[in-house]
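**Student:** okay, predicted coordinates and the sequence, questions at the end:
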Amino acid sequence: MVSGGTASADPADQPTAHGPVSSPIALLTLTTIPNGWQTRVDLRPQLEVSGDGHAVKLPDAVAAERNPENLPKRINGHIPPEVLAAALTETRALATVDFGMPTITDQGSQIIDLMPQSAEEDAHLVVYAPESTEGLAPEQLAARKRFTDLYRKLLDAFVQDL
């Protein structure tokens with residue numbers, strides 16, 4: 001017997017444990033999946049950015065010390081327009097490059113998802129074993145650096161609402 005299930009997001013007009021959702025899907029999400037031997041199963045994006053620049057940062061989304069029974073801390077804020085515009089351009093550019101597949105396994109991954117209104121424009125960037133360089137070509141290493149720089153730039157550009 002085969003069993004399956006589906007995951008779904010809360011509808012935009014329904015309240016969640018964090019209050020009402022402003023948009024059913026964020027324009028950009030940044031997610032880190034921890035190393036394979038970690039037991040964290042309640043993964044959430046570290047940053048969600050809407051098209052208007054509003055953002056929610058979840059700084060302890062993957063923190064090993066956060067009890068899985070507790071929801072991660074949510075901080076409302078925004079990404080400055082010039083940073084968001086540059087990030088969208090770079091995300092689209094990175095959608096065409098090869099990040100390579102390291103020879104090491106169980107080292108987690110980092111993901112940048114771009115999900116605009118038009119599904120044909122979606123970009124899902126995944127870097128497996130982000131800290132590994134084994135078996136990667138120089139072009140792949142350069143692409144991974146661009147990815148890491150973009151990921152860090154978005155996290156660092158977050159400005160908390162007062």
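**Tutor:** Thanks, I have it.
**Student:** count of residues packed around residue 135?
**Tutor:** Look at residue 135: counted by other CB atoms under 10 Å, it has 11 neighbours. All C-beta atoms are positioned from the backbone trio N, CA, C, and that covers glycine.
**Student:** wait, it touches residue 128, no?
**Tutor:** No: checked against CB atoms under 8 Å, the pair residue 135 and residue 128 is beyond contact range at 11.4 Å.
**Student:** can you give me the helices for this structure?
**Tutor:** Assigned by DSSP state H, the chain shows helices spanning 81-94, 138-157.
**Student:** overlap in contacts of residue 135 and residue 128?
**Tutor:** 101-102 (CB atoms under 8 Å, 6 or more residues apart in numbering).
**Student:** residue contacts, the residue nearest the centre of the chain?
**Tutor:** Geometric centre of the chain, nearest residue: residue 30, 1.5 Å, by CA atoms, centre = their mean. Residues near residue 30 by CB under 8 Å, 6+ apart: 45-47, 110-112, 151, 154-155.
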